[in-house]
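> Using only what follows, build the 3D model:
(one chain, ligands or ions: 1)
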Amino acid sequence: MNFDFATATQIVFGTGGLAQVGALAKPLGNNALVVTGREGSRAEKLLAHLREADISASTFSMAGEPDIATIGREVAFAKRERFDLVISIGGGSVIDAGKAIAAMLTNPGEVLDYVEIIGKGGALTVASAPFIAIPTTAGTGAEVTRNAVLGSREHGVKVSLRSPLMLPRIALVDPELTYGLPPALTASTGLDALTQLIEPFVCTRANPMTDALCIEGMRRAARSLRAVFAKGSDKAAREDMAVAGLFSGMALANAGLGAVHGLAGPVGGSFSAPHGAVCAALLPHVMAMNLRALRQRDPGNAAVYRYDEAAYWLTGDRKAKADDGVKWVSAAVGDLKIPRLGIYGIMEDDIRDLAVKAEKANSMKTNPIKLTADELVEVLKEAL
Ligand SMILES: [Zn+2]
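Numbers count the residues shown, from 1 in each chain. Take a look at the predicted model:
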């Protein structure tokens, strides 16, 4: 048994925990760049806490998904202003933007020197500037992952800036920040978290540390997904989902993912479709296909029993088997009103191309069994 496990240096979790941000940030810097989403006003409380702690701050609003050119401009500005601390408050894209800025504040050169496919693919050599990640959704787990997904308008692709040096210094998880999330976003991010707990649990690089996180995360997500969808301010349920999102990030960063994320990459790259909703729409079909392929080609594979175990944590029924887990997920996806993939404009003619691209995706490498292009086509057809 070999594994290694890395995460944020410190995780601070608790409802109302945002109030601690001044005390947490003070030892890290005095001049903060605060990265927010489209509505910068959501950072007002955070800025007040920083002022109380005598930390000066400027905000940068990252509307939409971060792209390499925008990050480059913001890094140049941040260097001129001599920011010594970066704080992101927002969803996965906002956290990824802050993570990339913090890395490029200290490393020489530009983003393209460090990304694969369209850049030189070099390794970051210097620790990122101190970075605090404060998620306002419960699902991506970006507060504890070591990569930032960045788009390139010029090349029409998404790439990852990735390094263990990019792990946040502090992940500050305050479930209260998710109370205002509308039901549709609550559903898609919550089911993304669930996907990021099931895929690492059955993947080829699962290890005892990620197993523990996946089991606890699945248990909490299963009991609270419907509750947060029905009532956004349900304190205990929002706490459960924030734990599930956090644990999902730790699990995927240290074990890997599978075919849902392998397919979601090309789908999100070619169509404007939110990541969480795409994963949710694919999840039950990928689970069913993985099980079929495992039973046909590798019936003794331990992943089959892992699907049985996942079914128990999802349904709470000791007698549950893998197929009951698929049924449970399928029902949850329906109850949470996740749309089918067709609404994003994906046509039958696009499917073969998406499947071929997905075969090469990084996440496919840890899927419990290698799925053929035909099987991936079938999954996409079922989810369309
Ligand atoms: Zn995901």
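
> ok, for L185, nearest residue in space, not its chain neighbours?
T137 (6.7 Å; C-beta to C-beta, 6 or more residues apart in numbering). Any C-beta I mention is one placed from the backbone N, CA and C, and that applies to glycine too.

> Quick check: the gap between that neighbour and A127.
As judged by C-beta to C-beta, to the nearest Å, T137 and A127 stand 27 Å apart.

> So which of those two has more stuff around it?
Set side by side, T137 and A127 show more neighbours around T137, with 27 against 16, by other C-beta atoms under 10 Å.

> wait, isn't that one in contact with T178?
Yes: counting by C-beta atoms under 8 Å, T137 does reach T178; the two are 6.2 Å apart.

> All the strands of the stretch 1-150 of the chain, residue numbers only.
For the stretch 1-150 of the chain, applying DSSP state E, counting those that start in this stretch gives strands covering 10-13, 31-36, 56-61, 85-90, 131-135, 147-152.

> Save the ones you listed as TSV, and put in mean pLDDT and distance to S188 too.
Below are the strands of the stretch 1-150 of the chain laid out as TSV (pLDDT from 0 to 100; distance: least, C-beta to C-beta, whole Å):
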stretch	mean pLDDT	distance to S188
strand 10-13	98	22
strand 31-36	98	21
strand 56-61	96	22
strand 85-90	98	16
strand 131-135	98	15
strand 147-152	91	16
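
> of the ones you listed, which approaches D192 most closely?
strand 131-135 (12.2 Å; C-beta to C-beta).

> and the closest one, which strands flank it?
strand 85-90 (parallel), strand 170-173 (parallel) (DSSP bridges).

> Pick the most buried one from those strands.
With neighbours defined as mean count of other C-beta atoms under 10 Å, the strands paired with strand 131-135 peak in mean count at strand 85-90, which reaches a mean of 29.

> So what touches that one?
By C-beta atoms under 8 Å, 6 or more residues apart in numbering, the residues outside strand 85-90 that reach it are 21, 25, 28-37, 42-43, 46, 50, 55, 57, 62, 78, 94-95, 97-99, 101-102, 105, 129-136, 177.

> which of those count as buried?
Neighbour-count burial (16 or more other C-beta atoms under 10 Å) is assigned, among the contacts of strand 85-90, to 21, 25, 28-30, 32-37, 42-43, 46, 50, 55, 57, 62, 78, 94-95, 97-99, 101-102, 105, 129-136, 177.

> quick one: secondary structure of L257?
Using DSSP: H, G, I helix; E, B strand; the rest coil, the structure places L257 in coil.

> The one 4 residues further on now?
Assigned by three-state DSSP, the conformation of H261 is helix.

> cool, and the one 5 residues further on?
Assigned state for P266: helix (three-state reduction, three-state DSSP).
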